[in-house]
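> Provided below are the primary sequence and the corresponding predicted coordinates.
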Amino acid sequence: MIRERLIDFFNTCGVTSKEMEHLTGIDREKWNSVRARRRRVNEEDIEGFAEAFPQFAYWLTTGKTLPESGQISPHDERVRGDNDLGHGEASG
């Protein structure tokens, strides 16, 4: 399910694998493989994602949100009209 949520993140936020490589230090081909469902998500991917997008960390690992704590989903971010993803900063 984490891989599906990552794919959902890519589709909802329009972040490219190249951008993810820049933000996480993880090779873009690894992100491409996750997106294409050819590779499972690993600990390094989760840690890199959570560091780049801390506001989505809880959602990525559980599928749930805690808006009162700044833990939202990409869909919540989009609904709020906040298209600045706040790389490295919790939204809210």
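Arrived safely, thanks for sending.
> by contact count, what packs against the longest helix along the chain?
Ranked by number of residues, the top helix in the chain under DSSP state H is helix 2-13. Here helix 2-13 is seen to pack against helix 28-35, helix 43-52, helix 57-62, helix 74-79 when contacts are counted using 3 or more Cβ pairs under 8 Å, 6 or more residues apart in numbering; DSSP states H and E. (Each C-beta comes from the backbone N, C-alpha and C, glycine too.)
> a markdown table for the ones you listed, including mean pLDDT and mean neighbour count?
Below are those laid out as a markdown table (pLDDT from 0 to 100; neighbours: other Cβ atoms under 10 Å):
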| stretch | mean pLDDT | mean neighbour count |
| --- | --- | --- |
| helix 28-35 | 98 | 18 |
| helix 43-52 | 98 | 16 |
| helix 57-62 | 98 | 18 |
| helix 74-79 | 92 | 17 |
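> save the ones you listed as a markdown table, and put in distance to residue 10 too.
A markdown table is the format used below for the helices and strands packed on helix 2-13 (distance: least, Cβ to Cβ, whole Å):
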| stretch | distance to residue 10 |
| --- | --- |
| helix 28-35 | 6 |
| helix 43-52 | 11 |
| helix 57-62 | 12 |
| helix 74-79 | 9 |
